[in-house]
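Visitor: Coordinates for the following, if possible.
(chains A and B)
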Amino acid sequence: MMILGIESSCDETAIALLQEQDGVFEVKKNLLTSQVAIHALYGGVVPEVAAREHVDILFPMLKASGISPDGEGIDVIAVTAGPGLVPALRVGVELAKVLAWLWHKPLVAVNHLEGHIYSVWGGEKKPMFPALCLLVSGGHTELILMKDHGQYELIGMTRDDAAGEAFDKVAKLLELPYPGGPEISKAAEKGNPTAVDFPRPMLNSGDFDFSFSGLKTAVRNEVALQQHSVEDIAASFQEAVVDTLVTKTMKAMAYTGAQSLILSGGVSANKTLRSRLESTLQKHIPEVGFFAPDLTLTGDNAVMIALAGAYRFHAGETVDPLTLVANPNQRLA
Amino acid sequence: MKYISNSAEETKQLAEDLAKTLKGGEVLFLEGDLGSGKTTFVQGLVASFGYTEPVRSPTFALMHTYHVNHPTIKRIVHLDLYRLNDPSELRAFGLEEVIHDPQTLVLVEWPEKGFERDKLLPDKRILFCIEPNNDRTILL
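Guide: Predicted coordinates:
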């Protein structure tokens, strides 16, 4: 079975071709607008935020994917229907609807967050249910319990800034370049993570929510004091975020009794978070499997949408191309 | 008016007081540095309309919409233009549908990143400043 995945919920517009045979997946194409080759096709650099209004960027991408103009070889179309920014979502949703209608192919609507969770389903070993997912990105910090395919329960989330947003904004305060996540990690490698004892917000709040907004002020104050190097502040900040995420996730593991732990989203590319979460899990609950996406699938992409779409398709959850509407506030649970 | 806030709670209280004077159709600009209290102010303001779910930073999503139950205000649009590089990028938001709609309240963080000077005049500008002792000065 060949699945065409389409994602356009925020900054990234993406198209993927994913082949499935008896539960084994093979990525045939994974195209992103942020890729240089796509820029060249489009005839110049596509500004990050403006990309969302360019409906026509999808056609050069479709062409680059090598898909036959009559849809031959495609069995299912999977598209992100929400959550996201309406004008951005609409670009992908409308394309998917038109293609499904013209080609007479089944259409599946995928939730963007669900896509991030399914980004770990491409490998040979699959998570066991119930699975707990820590989803961390520029826009999300959520703990989601997945009881079965398509069944989700939101356990906790950020009450203000997302973890990835905190990385970007702290990078700005430290005068590091954008995007801040990789820059902070790079600086942190040369710093002392215990140099500054930054607050671990809501660590003992009794729930599974997060708050990262206050860390901005804590970092700003530390910068103003001029007592520590940028590297030490970066390392200590990263330590505070990782410590908070790992501690809360382990509490949620104990509370839910989940059989697998999934780390996904853009911040799952952070090496310290990845290794700390995995080693803490192995130390305390060694029988539980740890899953994190391939580094090419941590950010927004369409492979994860095709993966989630494959499972939805097998569950018979197709949608009518004439009535599907993008939903900016779509929820998982 | 100039106010001094020394906690997130005080900032939210100021927002609640301001909320009582709003009728719908207004555009509010919130200006100030990272961590100066803009999102906290919006949290207090939106909560005062009876909205019970968390109001989070829209920096990544760029826009959040909250549906509220109020005699004249039905919708609050929370924009954060921090990530915009150029005012032309604002075209993608479809803002013509929400700005000055009589049942909509529009709150804009980092308006200077998306609106060229004098292109859109807000009904109110709220300025946030971080003092050396960590108090926040809020100009309403």
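
Visitor: what's the helix or strand for the residue in chain A positioned nearest to chain B?
Guide: Chain B sits closest to A:G139 of chain A, with a gap of 3.2 Å, by Cβ to the nearest Cβ. (Each C-beta comes from the backbone N, C-alpha and C, glycine too.) For A:G139, there is no helix or strand it lies in under DSSP states H and E.

Visitor: Could you pull out the helices in chain A for me?
Guide: A:36-42, A:58-65, A:86-103, A:112-118, A:163-173, A:180-189, A:213-225, A:230-256, A:271-284, A:303-314 (DSSP state H).

Visitor: tell me the secondary structure for the residue in chain B positioned nearest to chain A?
Guide: Closest residue of chain B to chain A, Cβ to the nearest Cβ: B:F60 (3.2 Å). The three-state label given to B:F60 by DSSP: H, G, I helix; E, B strand; the rest coil is coil.

Visitor: hmm, back to that, quick one: the residue of chain A closest to chain B and B:H64 touch, right?
Guide: No: counting by Cβ atoms under 8 Å, B:H64 is not a contact partner of A:G139; they are 10.4 Å apart.

Visitor: Neighbour count for these two, which is higher?
Guide: A:G139 (28 against 21; other Cβ atoms under 10 Å in any protein chain shown).

Visitor: which stretches of chain B form helices?
Guide: Using DSSP H, helices in chain B cover B:8-19, B:38-47.

Visitor: Go through those and name the closest to A:W121.
Guide: Closest approach to A:W121 among these (Cβ to Cβ): helix B:38-47, 34.4 Å.

Visitor: Centre of the chain to the closest one, how far?
Guide: Helix B:38-47 sits 7 Å away from the centroid of its parent chain (Cα atoms, centre = their mean, to the nearest Å).

Visitor: before we move on, the earlier item: and for the residue of chain A closest to chain B, nearest residue in space, chain neighbours not counted?
Guide: Nearest residue to A:G139, sequence neighbours excluded (Cβ to Cβ, 6 or more residues apart in numbering or on different chains): B:F60, at 3.2 Å.

Visitor: What distance do you get for that neighbour to A:F167?
Guide: 11 Å (Cβ to Cβ, to the nearest Å).

Visitor: Looking at those two, which has the bigger crowd around it?
Guide: A:F167 (30 against 22).

Visitor: Where does the prediction get shaky in the chain?
Guide: I went with chain A, as the question did not name one. A:35-56 (pLDDT under 70).

Visitor: what does it put close to chain B?
Guide: A:10, A:47-50, A:52-53, A:83-88, A:137-140, A:157-162, A:164-165, A:168-169, A:172-173, A:209, A:213, A:216-217, A:220-221, A:328-329 (Cβ under 8 Å from any Cβ of the partner chain).

Visitor: can you tell me which residues contact the residue most central in space within chain B?
Guide: Central residue check for chain B by Cα atoms, centre = their mean: the C-alpha nearest the mean position is that of B:L107, 3.2 Å away. Each residue near B:L107 by Cβ atoms under 8 Å, 6 or more residues apart in numbering or on different chains is listed here: B:L28, B:L30, B:V42, B:L45, B:I76, B:V77, B:H78, B:L79.

Visitor: Restricted to strands, list those.
Guide: Secondary structure defined by DSSP state E assigns B:L28, B:L30, B:I76, B:V77, B:H78, B:L79 of the contacts of B:L107 to strands.

Visitor: Out of those residues, flag the one nearest to A:L31.
Guide: For the ones in strands among the contacts of B:L107, the nearest to A:L31 is B:L79 (30.0 Å; Cβ to Cβ).

Visitor: Quick one: residues contacting the closest one.
Guide: B:P58, B:L62, B:M63, B:F93, B:L95, B:V106, B:L107, B:V108, B:E109, B:G114.

Visitor: how much space between A:M202 and A:L145?
Guide: The value you get for A:M202 to A:L145, if Cβ to Cβ is used, is 19 Å.

Visitor: again, but for B:F128
Guide: 37 Å.

Visitor: what does B:A61 give?
Guide: Counting by Cβ to Cβ - B:A61 and A:L145 are separated by 23 Å.

Visitor: ok, back up a step: switch the contacts of B:L107 over to a markdown table; also include pLDDT.
Guide: Formatted as a markdown table, those follow (pLDDT from 0 to 100):
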| residue | pLDDT |
| --- | --- |
| B:L28 | 97 |
| B:L30 | 98 |
| B:V42 | 98 |
| B:L45 | 98 |
| B:I76 | 97 |
| B:V77 | 96 |
| B:H78 | 96 |
| B:L79 | 94 |
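
Visitor: winner for burial among the helices of chain B?
Guide: helix B:38-47 (a mean of 25; mean count of other Cβ atoms under 10 Å in any protein chain shown).

Visitor: if you look at that one, does any of it touch chain A?
Guide: Yes: using Cβ under 8 Å from any Cβ, we find that helix B:38-47 touches chain A at B:T39, B:T40, B:Q43.

Visitor: That helix versus helix B:8-19: what angle between them?
Guide: 50 degrees (axes from the mean of the first three to the mean of the last three Cα atoms, to 10 degrees).

Visitor: which helices and strands does helix B:38-47 pack with?
Guide: helix B:8-19, strand B:27-32, strand B:75-80, strand B:104-109, strand B:124-130 (3 or more Cβ pairs under 8 Å, 6 or more residues apart in numbering or on different chains; DSSP states H and E).
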